[in-house]
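In: Provided below for reference: sequence and predicted model.
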Amino acid sequence: MTIGQEFAHELKLEAEVTRLYLTKVPFDHLDFQPSEKSETLGRLAVHVAEILAWWNAVIDANQLDFMDFKPKEFKSNEALLAYFDELLDEAYAALQRVQDDALNKDWSMCHGNEIYFTLPKRQVLRLFCMNHFIHHRAQLGVYLRCLNVSLPASYGPSADDFDVLLTRKL
């Protein structure tokens, strides 16, 4: 199994959970922010989805330049999920075709001439594609919890799952 295939397997598991979280985004609360320093729920939900595009950016190029980046906006869960699914399919395809030796090459994230960091592609896939994806999913869970939206399980039952289990036993 190649490194890309290993990442694809892990991404599949994390994406299944993340998709459940995205289905829960209440589109009537997209402007919600838990604090003034936080991004809005709408922006965070899109960011969780758009991180999937980074897999291709790492595998197919040597840098990602945010100079002309314009975030997308969506008006429905269906549109957001379609975007997520499209990017996920592209990420899987890139991970299936990448050769292990290509992941040793350096990759940079920048904004114009300002380079934020340069790391080997393999580390970027772990840190800024996978870990960053999971981090923001957890952040989305906090936003949803603040809005009293029930949360799906991530790595075991959520508190909402326990509530259902306790109700069934009564």
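Out: Everything's here; your move.
In: Just the buried residues of the strand or helix carrying Trp107, please?
Out: Element membership of Trp107 [criterion: DSSP states H and E] is strand 106-111. Within strand 106-111, the residues that count as buried by 16 or more other C-beta atoms under 10 Å are Trp107, Met109. In this view, the C-beta of every residue, glycine as well, is placed from N, C-alpha and C.
In: Tell me the strands beside that strand, with direction?
Out: Strand 106-111 has its sheet partners listed here by DSSP bridges as strand 63-65 (parallel), strand 114-120 (antiparallel).
In: export it as PDB, just CAs?
Out: Extracted C-alpha coordinates of strand 106-111, given in PDB (Å, rounded to 0.1, in the frame of the first residue of the first chain):
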ATOM      1  CA  ASP A 106       9.100  20.500  -0.500                       C
ATOM      2  CA  TRP A 107       5.900  22.400  -0.600                       C
ATOM      3  CA  SER A 108       5.100  25.900   0.500                       C
ATOM      4  CA  MET A 109       2.000  27.800   1.600                       C
ATOM      5  CA  CYS A 110       2.200  31.500   0.700                       C
ATOM      6  CA  HIS A 111       0.400  34.800   0.200                       C
END
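In: in this structure, which segments are predicted with low confidence?
Out: Judged by pLDDT under 70, the chain has its weakly predicted residues at 162-170.
In: ok, back up a step: hey, which of the strands paired with strand 106-111 is tucked in deepest?
Out: strand 63-65 (a mean of 16; mean count of other C-beta atoms under 10 Å).
In: Contacts for that strand, please.
Out: Strand 63-65 has contacts (C-beta atoms under 8 Å, 6 or more residues apart in numbering) with Trp54, Ala57, Val58, Trp107, Ser108, Met109, Cys110, His111, Gly112.
In: in the sheet, who's paired with the fourth one?
Out: Residues in a beta bridge with Trp107, per DSSP bridges, are Leu119.
In: could you check the distance from Glu6 over to Asn104?
Out: Distance, Glu6 to Asn104, using C-beta to C-beta, to the nearest Å: 15 Å.
In: cool, Ser154 as well?
Out: In terms of C-beta to C-beta, Ser154 sits 32 Å off from Asn104.
In: Give me the more crowded residue out of the two.
Out: Neighbours were tallied for Ser154 and for Asn104 using other C-beta atoms under 10 Å; the higher tally belongs to Ser154 (16 against 12).
In: wait, Asn62 sits on Cys110?
Out: No: checked against C-beta atoms under 8 Å, the pair Asn62 and Cys110 is beyond contact range at 10.6 Å.
In: Good, wrapping up.
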